[in-house]
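>>> structure for this input, please:
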Amino acid sequence: MGIVVINFKTYAEATGQRAVELAKICEKVAKDTKMDVIVAVQNVDLFHVSSEVSIPVYAEHIDPVKYGAHTGKDLPEALVENGATGVLINHSEDRAELAEIEDDIKRAKGVGLQTIVCAPTAASSEAIAALSPDFIAVEPPELIGGDVSVSKAKPELISDTVKLVHRIDEKTPVLCGAGVKDHEDVRIAMNLGCKGILVASGVTKAKDPEKALLDLIKGMKKERKKRTGAA
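Below is the predicted model of the structure:
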């Protein structure tokens, strides 16, 4: 497995029509490399982006509400109708309590959305694993958007997370993010047991997003080749 999840956040380079254009670049790279690439976009951009690409498009937020009087909330059913196939939960910029994370996961699963739940520490990753998300992404907040990757600054965080998560459920894939910028960052993360990465500015704000994404995937392929001898 090798998954690249690109979080568009609310960057100017990844908003509105620019979100569509960036998603098309991601789709091209996914097809050219035969790798799994997922884009997580602002909820207001879900319909436009999902209408233009065939790769999975995730929402950046979900509220565990049902049809009714919930002004300002993101109804799970509405996310699906607007093209979402999954959702990011508990990103460091959109934190939730454990009980709410559990409700988010349940509602997402109830409408067929996959879940990537972010966690700042190995211990919180273990607690989240017990809630049965589809993926757990470990991201220390202090490294997000920085120039040093978690795989180089805190490799033990990745290995500890993988160990603790798999102690709960060995089938739950662990992703990592925070400062991931190049193929060596990715190679190290994969070597430590990750099944993929969650990135944002490393691709969205790159001068050449396609080149940046290809470089990240190079790290995945390098590690996979090392393990299996596959191309």
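>>> hey, let's count contacts and neighbours off CA atoms from now on
Will do.
>>> pLDDT at the residue sitting furthest away from the middle of the chain, what is it?
Going by Cα atoms, centre = their mean, the residue of the chain most distant from its centre is Ala69, 30.3 Å out. Here, the pLDDT recorded for Ala69 equals 97.
>>> okay, and Ala108 sits in which element?
Following DSSP states H and E, one finds Ala108 within helix 98-110.
>>> mind listing what's buried along that helix?
Buried positions in helix 98-110, judged by neighbour count with 16 or more other Cα atoms under 10 Å: 101-109.
>>> which residues does it contact?
For helix 98-110, contacts defined as Cα atoms under 8 Å, 6 or more residues apart in numbering pick out 62-65, 76, 86-87, 89-90, 114-115, 128, 131, 133.
>>> tell me the first helix or strand C-terminal of that helix.
That would be, after helix 98-110 and using DSSP H and E, strand 114-119.
>>> and the helix or strand following that next one, average pLDDT?
Heading C-terminal from strand 114-119, the first helix or strand you meet, by DSSP H and E, is helix 122-129. In this model, helix 122-129 carries a mean pLDDT of 94.
>>> so helix 122-129 versus strand 114-119, what angle?
Angle between the axes of helix 122-129 and strand 114-119 is 150 degrees (criterion: axes from the mean of the first three to the mean of the last three Cα atoms, to 10 degrees).
>>> next up, phi/psi of the closest residue to Ile38 other than its chain neighbours, please.
Nearest non-adjacent residue to Ile38, counting by Cα to Cα, 6 or more residues apart in numbering: Val5, 4.6 Å away. The phi and psi torsions at Val5 (degrees, to the nearest 10) take the values phi -110, psi 120.
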